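Colleague: Give the three-dimensional model of this entry:
(3 chains)
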Amino acid sequence: MGSYVPSSMEQRDEMLKALGLSSVLELYKDVPEEMLVKGGLDLPEGMSEMGTMRAMSAMAAKNIVFGTVLRGAGSYDHYIPSIVKTVPAKEEFLTAYTPYQAEMSQGVLQSIFEYQTMICQLTGMDVSNASVYDGASAAAEAAAMCRARKRTVTLISAAAHPDVINTVRTYCMGSGTEMRIVPAKGGKTDPEALKEMLTDDVAGFYLQQPNFYGQIEDAEELGAMAHEAGAMFIMGVNPISLGIMKTPAECGADIAVGEGQPLGMPMAYGGPYLGFMATTEKNMRKLPGRIVGETVDSRGERCYVLSLQAREQHIRREKASSNICSNEALCALTASVYMAAMGPDGIADAAAQCLSKAHYLAKQLCTVEGVELVYTGDFFHEFVTTMPEKDKVLKALEDAGILGGLPIEEGVLWCATEKVSKAEMDRAVSIVKEVLE
Amino acid sequence: MKLIFEKSAPGRRSQLLDRCDVEQFELPEKFRRAEKAPLPQLSEIDVDRHYSELNTRVHGVNTSFYPLGSCTMKYNPRVNEEIAALPGFTGIHPLAPEYSVQGCKEVIATAKKYLCEISGMDDMTFQPAAGAHGEFTGVMLIKQYHQSRGDQKRCKIIVPDSAHGTNPATAAMCGFEVVNIASAPDGCVDIEALKAALGDDTAGLMLTNPNPVGLFDENILEITRLVHEAGGLCYYDGANLNAVMGVVRPGDMGFDCTHMNLHKTFSTPHGGGGPGAGAVGCKAFLAPFLPKSALMDEEGHIQVRSFEGNFLIVVRALAYLLTLGKEGVPEASTNAVLNANYLMHQIKGTFEPAFDRICMHEFVLDLGAFKKETGVSALDVAKTLIDYGMHPPTMYFPLIVHEALMLEPTETESKDTLDWAAEVFRKVYELAHQDPEYMHEAPHHAQIGRPDEVLAARKPVVRFRPAE
Amino acid sequence: MNFPAELKYSKDHEWVMMDGGVAVIGITDFAQDALGDVVFVNLPQEGDEVGMGEAFGDVESVKAVSDLNSPVSGTVCAVNEAALDSPESLNSDPYGTWLIKVQDLGDTEELMDAEAYKAFCETVA
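Modeller: Residues are numbered from 1 along each chain as shown, chains lettered A, B, ... in the order given. Below you'll find the predicted structure:
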C-alpha cells in the first residue's frame, strides 16, 4: 500500500512511452525467463504510514524498558543530553552520503576533522581516523596494524570483553595469523604469563582498560613489557573513564581503540555504536579507513578533504590492509556533540560520578550477607560480586523495574553510571537484602 | 568558518548532570590523568549554533537530488526515524534477559524472514555494520565451508576487474589470493576468462549483478554453474540489488551467500558515511557458519563485531519493508530501472551513454569523445553540476570506462526532477562548448573552490592543534 | 622529457646507476610525469632483501598507487630519507632523488641505455 515512488501513473506511462516500451517488465529482457519471480514475493500487503507506526510501536511495546540499569559489560546507560539527540537528526547530516565531493560536503568534513581532534584530546594520541564499526572491530583492525613480516602473532588479555576476543580471533583467522590469549589472575592480566608469551613473533598486545571485570590494569607496566619485547601496545579504553583516568598516551600505548557508545549513543540492543581508533604520528599511515585532512582551496581558504586515500581499498584493492568503506560517521558526529556539550569539566564529572557511584553500590551490596567482591583490585565503574541465588535476586530486581548486574561464571558483574541516583541504588540493595535474608 | 575549538572560551559550560549524591571516591593518583581532557569549552547555544552552521554546509538526499551511482541514494522516510527513536527500542540493553527483549527478537526475526524472501536465501545475520563488513562475513562463510570439508587447497577468490575495490580487499583480508579476471567490454563476465581461472584451487567468485556498469549479466546461470562445478561457491555483492527486488532473486541466480546494504536498498539514512548495516544471507548449508556474539549467544562461532550489529538500522529497514509490502518492493525496483532508463534517454544526444542499450537502475556516461572535443573532463562536468545544486554522479568508476560519470537516480525521484536534471545536463553540455575555461575552474558558487588534495596528502594536517 | 645518458633504465621506468658493486635506483622523468603529484613513498628498510622484478615499495599520488619493482636482486644498504620526507622532489628532480641502494647484487634485469629507453617510452606513451 505504501510507496515512496512520487511519479504519478500517468507520468510513469509517459516515461515508458518516451522509451518506446509498453511495460516495465520489458526493461528486464536480459533476465532469463526461468529465473523471474513468479506470482510475487511471499510478503504481507504493504501498509500506510499509520499502519507501519502502529505495527512497529507494538513490537517496541513488547520490550521491557528498565528504569534503572545496573548492567554494563560493553553497553552503558549514560545520560544523553538533549542536544546530542537533536543535532545528528538534522536532515542534511542524516541523509548525506560519504563526503566524496568536498565542495558540497564541508559540514560533514569539518565535523569529522573536529571529531578526530576530540578523540586525540580524550586519548592523548596524535592522530585519529574517522571511526570504524565498533570497539570490537576497532580492536581487530588495530591488531592488523601491528603486523609486520616476521611478527604476526596477536596477544590479547583474557580479561578483555568476550566479544572483542572473539572478533579479533575471527579477523586473525581471516588473515591466517595467530591469536594467543594471555591468562588473567585475580581478575587482571597476569604479568608473569605475559612476559613468557612475548616471543619474538608477537606483533601486538591488546589490553582492555578498565577490563571486562571492571578492574583497572597496571597498563604502563604491561605496555612496557610489550615494548621491551619489540611488540606494539594496543589499549582498548572506555572513553568516559578518560575523563579522569590516565590516557593511553600516558600509558605508552601505540594504538588506542574503544567502544564509543558511552559518548551519547543509546544502548539500542547493541547498535549502532562507534569504534574509535587513534595512534601515534609514526603509525598514521597504517590507520585503516577514512581520515579527513585540512588543506586550502583554489581561493586560498582553509577547507577539509578526505585525505591519505591511497591507503584505502578503492585505490589499493587487494593490497589494502582493510576493506573498510562506510564507517559510523553519524555516530562520530553524535560523540563529537556529546564531547563538545560536556566539555572538559562535564566529562570529568561524569567519570568521577561513575567511579563514586560504583564504589557506593559495591559497598552497600557488600553489607548483604553472602555478597562480597570477587576481585580486590582497583575498579572504575564495574565490579564483580558473589551472589547466592543470583537468578532469584536478579528476577526480583527486574520485577521492580531494575536491570541488575550481568550474571557471569564468577558471580554478578555490576555497573553504575552517573545516571543512577543514590535512592535507586539503595532500593536495589534493599531488594537484594530482602531476597537473601 | 571557525572550528569548534576556535570558539572555545575558558570557563564556559552547560550544567547537564545532577550533582553527585553519594560520597566522592578518590581515584588513586597513579591512575589519574595529568590534566583534564583539553576538549572545547562551550555553552549549549554555542554548540547548537556551531552544528547548525555546519549543517548548512551539507547536501543530503532528503533536501536535493543525489544521483550518486552505485550508492542508491533514495529518500529516507521520516517515519522510520521516529520509529527508530522509540524508547522501546533505544532503551534496551543488549544483554537484558530474553523475556524482556521479545520486541527486538521479533524485529530481527521478521526482517530476516522478509529479506531472505527477497534475496532467495535461507538464513541471515545482522551483525555486519556495513557493506564491506558484510563482504568480510560472507567470504568467511566460504572459508569455513571449505575448511570444514578439509578442502585446504582452495586458496583463490575470483573477482572481475570491474568490481568495486572492497571485493579484492575483502578476499585478501580473508587470506585468499585474488584472481582478477578481465571483464567483457560491457562489464559482464568473460566466460572464457572465467573458465581459465577456475580450478581445484578456486574457493569462490565475488560478483554483482546487475554488474558495475548497470547491465544485467544474462549468462548468470552459466557463471554460477561453472563455479559450482569447479567446487567453488558464489558470493553476491548486493550493492546493486535495488534494480531487481521482487523481479529476480540472487538465490535463484545460483548464489550461495550475499550481503544487502540496508542503508542503500532499504532506505536507511547514510549519515554522511554510516552507520549502515550489511545483512548477510546464505543458503541453509552455510547457516552453521554464521557469526554469533560470544557473550550474547555462545562461543565457537565467528564474530565480526559486538552483540547483534546495528539494530536500529534493522528497525528502520523493517519499517520500510512493512510500508512497501508485497507490491511496493517490486514497484520500487521497477521504477528505479524506469527512472534510470528515462534519464539516460533524456540526456542522450548530449552526453553519450557508454552502453547504448537498456540499463538497469544506473547507467554510465562516457565522456571520452566529449573531452577530446571540448577539453572538458568528467571532473569538470561534475564540479559544474554543483553550481546547479545537484550532487555530482560517481566519477571515474567503473574503471573500465575512462572519463566515466555514473548516474543512479533511484525510484524516489519524480519525472519532474528527472526532466530538470536532464535540462541541467544539457545546459552544462552547451556551456562546455561555449566556455570550457569557466568549467575548468568550477564550482563557482559552492562552499569552497576546488581543494588542494596534493597539499593535504603531502603535508597531512589531520587534527587541530592550538597555536603555541 | 629528460633521459640522462649515464644511466641505465628498466621497463618499469626505474633508473639504475652502478656505483662499484652497488646499484642506486630511482624513478624516471617519464614515470614521475605519468604518476602526477607524488605524495608519499613507501620504501623498505636497510638490510631487507629485494628480488629482481619484485616490488620493494610503492609511490602514492592522490588517487593512485604504483608498485616500485626492483630491476636487481640483492640487499638494501641505504634508503633515501630525504625522499621519504619530501616526496615532491621525485617530481621536481627525479634523477637527483634516488630511492634505495642495493648491494650483494645477484640477478640484474636486462637494462636499456638512454637511447633505447627513450624509444621505449615513445611506444608506451
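Colleague: check which helix or strand covers residue A:45.
Modeller: Under the criterion of DSSP states H and E, residue A:45 resides outside all helices and strands.
Colleague: what about it, neighbour count?
Modeller: 12 (other CB atoms under 10 Å in any protein chain shown). Every C-beta, even on glycine, is put in place using the N, C-alpha and C of the backbone.
Colleague: what's the spacing between the residue nearest to it when sequence neighbours are not counted and residue A:55?
Modeller: Spatial nearest neighbour of residue A:45, excluding adjacent residues (CB to CB, 6 or more residues apart in numbering or on different chains): residue B:325 at 4.9 Å. Applying CB to CB, to the nearest Å, the value for residue B:325 to residue A:55 is 11 Å.
Colleague: Can you check which residues contact both of the two?
Modeller: The contact sets of residue B:325 and residue A:55 overlap at residue A:47 (CB atoms under 8 Å, 6 or more residues apart in numbering or on different chains).
Colleague: For the two, indicate the residue with more neighbours.
Modeller: Using other CB under 10 Å, the more surrounded residue of residue B:325 and residue A:55 is residue B:325, with 21 against 17.
Colleague: Can you tell me the SS state at the more buried one?
Modeller: Secondary structure assignment for residue B:325 (DSSP: H, G, I helix; E, B strand; the rest coil): helix.
Colleague: I'd like the distance between it and chain C.
Modeller: Remark: distance between residue B:325 and chain C (CB to the nearest CB, to the nearest Å) = 43 Å.
Colleague: So for that residue, what's the pLDDT?
Modeller: What the model reports as pLDDT for residue B:325 is 97.
Colleague: That one against residue A:2, yeah?
Modeller: Yes - between residue B:325 and residue A:2 a contact is recorded at 7.2 Å, counting by CB atoms under 8 Å.
Colleague: Need the residues touching each of these two.
Modeller: Counting by CB under 8 Å, 6+ apart, the common neighbours of residue B:325 and residue A:2 are A:46, A:47.
Colleague: Stretch B:85-103 and chain A in contact?
Modeller: Yes - against chain A, stretch B:85-103 shows contacts by CB under 8 Å from any CB of the partner chain at B:85-97, B:99-103.
Colleague: Quick one: mean pLDDT over that stretch.
Modeller: Averaged across stretch B:85-103, the pLDDT comes to 98.
Colleague: Mind checking which of the residues of stretch B:85-103 next to chain A land in strands?
Modeller: Counting by DSSP state E, no part of those is found in strands.
Colleague: Could you write me a ChimeraX select line covering just the buried ones among these?
Modeller: Buried subset of these, written as a ChimeraX selection, criterion 16 or more other CB atoms under 10 Å in any protein chain shown:
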select /B:86,88,89,90,91,92,93,94,95,96,100,101,103
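Colleague: Select from the residues of stretch B:85-103 next to chain A every entry located in helices.
Modeller: B:87, B:88, B:89, B:90, B:102, B:103 (DSSP state H).
Colleague: hey, what's the residue in chain C that chain A sits nearest to bridged with?
Modeller: Using CB to the nearest CB, the closest approach of chain C to chain A is made by residue C:60 at 3.7 Å. Beta-bridge pairing of residue C:60 under DSSP bridges involves residue C:40, residue C:65.
Colleague: That one contacts residue C:41, doesn't it?
Modeller: Yes - Residue C:60 is within contact range of residue C:41, at 7.4 Å (criterion: CB under 8 Å).
Colleague: Neighbour count for the two, which is higher?
Modeller: Set residue C:60 next to residue C:41 and count neighbours by other CB under 10 Å: residue C:60 wins out with 25 against 22.
Colleague: List the contacts of that one.
Modeller: With the criterion set at CB under 8 Å, 6+ apart, residue C:60 makes contact with A:310, B:457, C:38, C:39, C:40, C:41, C:42.
Colleague: what's the burial count for the second one?
Modeller: Right, residue B:457. There are 24 residues near residue B:457, going by other CB under 10 Å.
Colleague: ok, now the fourth one?
Modeller: The local packing of residue C:39 (other CB under 10 Å) involves 28 other residues.
Colleague: mind checking pLDDT for it?
Modeller: Per-residue pLDDT puts residue C:39 at 93.
Colleague: What sits closest to it if chain neighbours are left out?
Modeller: Residue C:39's closest residue in space is residue B:457 (CB to CB, 6+ apart), at 3.7 Å.
Colleague: before we move on, what about the first one?
Modeller: In space, residue A:310 comes closest to residue C:60 once its chain neighbours are excluded; the distance is 3.7 Å by CB to CB, 6+ apart.
Colleague: The one you found and residue C:69: what is the separation?
Modeller: Residue C:60 is 16 Å from residue C:69, by CB to CB.
Colleague: Having no further points to raise, I will conclude here.
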